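1. Prediction below, plus the sequence it came from.
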Amino acid sequence: MDTISRENTSYLPVAGVIVGVLALVLAGVALAKVSSTSKTVTAHTEQLTRMDTLESEVRTAATASDKASSAVSALQRSTQDAFNAVSLELGNVKGEITKLQESAKAPRAAAKGAAPAGGGAAVAGAGEYVIKAGDTGAKIARANNVSLPDLIAVNPGVNWSKLKVGDKVKLPKR
């Protein structure tokens, strides 16, 4: 036993110190990793908060877009209705202009046999009326104090939409 106790071959304390140093180094590395991970989690949390904010803004923008889209659709419908109404009125005006052009194009010369042989203006006999420029059946009836249906009835062969200057029409008896 003597031999064993004399030899100082105890590696146990040195091994304990080495293991302790390794534990401290590993603890430092672990602490650095935990700190790094904590920073990464904080950065991700901030990004998630920003993404939630953006998601909320996107929802708000989508709602506003839907409202704007429906407003545009309503505006398109009302504009189309207005164009249809204007188109209808333009058609009416065009018809009236066409009638005026046709009446202006109507020949102003006297019809055959309506003017006297001497070439002068036609003269109405008793109960007759000589057509002048711009005359219509209604104007003739009003000017002679007779009703339009009576005027039309006594002149069955007259085309009232194509009256010619110098033609004669019969007037109904009063």
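-> Okay, I see it.

2. Next SSE downstream of the host helix or strand of residue 69?
-> Here residue 69, judged by DSSP states H and E, is contained in helix 12-105. Sequence order places strand 128-130 as the next helix or strand after helix 12-105, per DSSP H and E.

3. I'd assumed residue 134 was in contact with residue 163.
-> No - counting by C-beta atoms under 8 Å, residue 163 stays clear of residue 134, with 9.5 Å between them. Using the backbone N, CA and C atoms, a C-beta is placed for each residue, glycine as well.

4. Neighbour count: those two, which is higher?
-> residue 163 (22 against 11; other C-beta atoms under 10 Å).

5. What are the neighbouring residues in contact with the more buried one?
-> For residue 163, the contact set (C-beta atoms under 8 Å, 6 or more residues apart in numbering) comprises 106, 131, 135-137.

6. Of all these, the one with the weakest confidence?
-> Note: of those, the lowest pLDDT belongs to residue 106, at 63.

7. Okay, now the unreliable bits of the chain?
-> 1-9, 106-125, 174 (pLDDT under 70).

8. any idea how far the residue positioned nearest the centre of the chain is from residue 15?
-> Computing the C-alpha centroid of the chain and ranking residues by C-alpha atoms, centre = their mean puts residue 76 first, at 2.1 Å. In this structure, residue 76 and residue 15 are 88 Å apart, going by C-beta to C-beta, to the nearest Å.

9. Also residue 147?
-> 139 Å.

10. Provide the backbone phi and psi angles at residue 169.
-> As for residue 169, its main-chain torsions (degrees, to the nearest 10) stand at phi -130, psi 150.

11. Not counting its neighbours along the chain, what's nearest residue 170?
-> Leaving aside its sequence neighbours, residue 170 sits nearest to residue 154 (C-beta to C-beta, 6 or more residues apart in numbering; 4.8 Å).
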